[in-house]
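# Next input, structure requested:
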Amino acid sequence: MEPGDHPDAAYYLYLPLKDNAGKHFGQKKFKRVQRELRTRFGGCTFSRCPKKGHWVHKGVTYEDDVYEVEVWIARTRENLQWLSNYRKILARRFKQIEIGAKIVAIGVPE
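Numbering: from 1, shown residues only. You can find the predicted model right below:
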């Protein structure tokens, strides 16, 4: 974030640790995400232990180990559009139908 920008939301991305064949992506892909988010927003946090993701697509239940990535943002139209586009980039990069995400309003003490 730029000096003077105040975060008012935590944006979470859920990145799979393995591809659909079960092969680990390796740290290089995750370091790239870290670098891109740090460049855009000034930092990010990766969860240290994977979480389990479950979903159904076309009647088939899937399960993934995922990293949760958190970035604090100012909820501007520009930032939200950038993140929407970035999720599409990540879906292609990680060979996923979609990358899970959520946004949570935050209050930061002065």
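# Closest to the centroid, which residue in this protein?
Centroid-nearest residue in the chain: residue 13, 2.2 Å away (criterion: CA atoms, centre = their mean).
# I'd guess it is in a strand, am I close?
Yes - according to DSSP: H, G, I helix; E, B strand; the rest coil, residue 13 belongs to a strand.
# Just to check, it is in contact with residue 84?
No - with contact taken as CB atoms under 8 Å, residue 13 and residue 84 are classed as non-touching, separated by 11.6 Å. For glycine as for every other residue, the C-beta is placed from the backbone atoms N, C-alpha and C.
# re earlier: specify the beta-bridge partners of the residue nearest to the centre of the chain.
For residue 13, the beta-bridge partners are residue 69, residue 101 (DSSP bridges).
# Need the pLDDT of it.
Looking at residue 13, its pLDDT reads 97.
# residues contacting it?
33, 68, 69, 71, 87, 90, 99, 100, 101 (CB atoms under 8 Å, 6 or more residues apart in numbering).
# The nearest residue to residue 68 once chain neighbours are set aside: what's it in contact with?
Counting by CB to CB, 6 or more residues apart in numbering, the nearest residue to residue 68 once its immediate chain neighbours are dropped is residue 47, at 4.2 Å. Counting by CB under 8 Å, 6+ apart, residue 47 makes contact with 67, 68, 69, 70.
# Out of these, which comes closest to residue 43?
Within these, the smallest distance to residue 43 is 9.6 Å, found for residue 70 (CB to CB).
# Excluding chain neighbours, give the residue nearest to the closest one in space.
Nearest one to residue 70, counting by CB to CB, 6+ apart, is residue 45 at 4.5 Å.
# Quick one: residues contacting that neighbour.
Listed by CB under 8 Å, 6+ apart, the contact partners of residue 45 are 69, 70, 71.
# roughly how far apart are residue 41 and residue 55?
Using CB to CB, to the nearest Å, we find residue 41 at a distance of 27 Å from residue 55.
# Which one of these two is surrounded by more residues?
The neighbour comparison of residue 41 against residue 55 (other CB atoms under 10 Å) goes to residue 41, with 20 against 12.
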